[in-house]
Structure formats: C-alpha cells, structure tokens
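**Student:** everything below, folded, please.
(one chain, ligands or ions: 2)
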Amino acid sequence: MRKLSYSGGCQCGAVRYHVDGALEGAHLCHCRMCQKAVGNYFMPLASAANQAFTLTRGEPKWFHSSDPVKRGFCENCGTPLFFKTIGSPTIAVALGTLDDPSAVPPERSDGIISRVTFFGHINELPNNEIDRSDLSGGIESIRSTNHQHPDHDTDNWPEAAS
Ligand SMILES: [Zn+2]
Ligand SMILES: [Zn+2]
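**Tutor:** Numbering: from 1, shown residues only. Ligands and ions are numbered 1, 2, ... in the order given. The predicted structure follows:
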C-alpha cells in the first residue's frame, strides 16, 4: 500500500502542518464564502482525517464564517490554511499551501452558482514574464530578500540572520 504523507504551511512559516494519510475529495470551491476567504476566484480544498492531521509549528487563528464552519489562517501573514466543519471527523486544507501543490489534483468543482463568469477563459490568457523592472534592483531585489518559508519543513524558522 502506498504511504501518503503531505506537509504544508503558510507563507511566513509561522504555521506548518503534516497530513500522515490521504487527502480526499479534492475540489475547487467557487462559493462566495470561499472566494472571500481566500481573496480568489475559488478555494482548492481536500480533507484529511482528524487523526492524520497534526500542526507541526504554531497555531492558526480561526474565523467562524458561519456557526457550523470555521476557517483557519495565519494571523502573522494572513494565509488561508484550513476549513473545519465543527464536529466533523475530517479537516480540509487549502491545497495551495501544500509544499507540493501539484500533489493532489482536484476531482470536482463545488459551489458553481458563484463561479466567476470568465472562469472558462482563464486558460486562454496570454502568458507574461514577471520582470519587476519598476524596482531599482529588478527581480533580484525580490529573490534576494525573499521572506517566504521554503517548500519543505525547517528545524529553525526564521533562519538566523547572517
Ligand atoms: Zn504565516
Ligand atoms: Zn466554499
């Protein structure tokens, strides 16, 4: 049997998690609450059994978007991380926060009544290279001052300043 294990976390690295088991029911939720919660057109989610899920660093902050549902996010950097129905045996993680976001492809779309009207055209957009020539240091001034946590677990974070 295939061993399933996933790690992920927020942008700043204050909240990190592991799933030691399957992530099931992967979907894109287009509902208006998910759009608002992530500031995006949809939220990608998949569920882990509660016993397979562990926080490995920090604690999320929770917002009850309704009485039965709370949404976990990093209070330091604002990254949306979790979707939890109270009393459920599972917790859903936002798939863009996985260290490998390609690891769990979505299987369906939910909440399509709120799907943005141009969603079907997103794949037709022209591709653009990010050059940041507006910055005096160009793209290098972004790369060399990157404060985003890397896409793997770290023993110490933030890394000691050099
Ligand atoms: Zn964070
Ligand atoms: Zn939703």
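**Student:** from ligand 2, how far out is the nearest residue to residue 79 once chain neighbours are set aside?
**Tutor:** Nearest residue to residue 79 in three dimensions, chain neighbours excluded: residue 10, at 3.6 Å (CB to CB, 6 or more residues apart in numbering). In this view, the C-beta of every residue, glycine as well, is placed from N, C-alpha and C. Distance of residue 10 to ligand 2, given as CB to the ion, to the nearest Å: 20 Å.
**Student:** I'd like to know how far the residue nearest to residue 38 when sequence neighbours are not counted sits from residue 64.
**Tutor:** Nearest non-adjacent residue to residue 38, counting by CB to CB, 6+ apart: residue 80, 4.7 Å away. Going from residue 80 to residue 64 by CB to CB, to the nearest Å gives 14 Å.
**Student:** ok so, going back, so the residue nearest to residue 38 bridges to which residues?
**Tutor:** residue 73 (DSSP bridges).
**Student:** what of the one 10 residues further on?
**Tutor:** When bridges are assigned using DSSP bridges, the partners listed for residue 90 are residue 49.
**Student:** what pLDDT does it get?
**Tutor:** Looking at residue 90, its pLDDT reads 98.
**Student:** can I assume it is in contact with residue 50?
**Tutor:** Yes - the criterion here is CB atoms under 8 Å, and residue 90 meets it with residue 50 at 6.4 Å.
**Student:** the two: which is more packed in?
**Tutor:** residue 90 (18 against 12; other CB atoms under 10 Å).
**Student:** what's the closest non-adjacent residue to the most centrally placed residue in the chain?
**Tutor:** Centrality entry for the chain: nearest residue to the mean C-alpha point is residue 97, 2.9 Å, by CA atoms, centre = their mean. Spatial nearest neighbour of residue 97, excluding adjacent residues (CB to CB, 6+ apart): residue 8 at 4.5 Å.
**Student:** wait, that neighbour sits on residue 99?
**Tutor:** Yes - counting by CB under 8 Å, residue 8 touches residue 99, with 5.4 Å between them.
**Student:** when those two are compared, which one has more neighbours?
**Tutor:** More crowded of residue 8 and residue 99, by other CB under 10 Å: residue 8, with 25 against 15.
**Student:** packing partners of the helix or strand the more buried one falls within?
**Tutor:** Element membership for residue 8 (DSSP states H and E) is strand 6-9. Under the contact definition 3 or more CB pairs under 8 Å, 6 or more residues apart in numbering; DSSP states H and E, strand 6-9 sits against strand 16-19.
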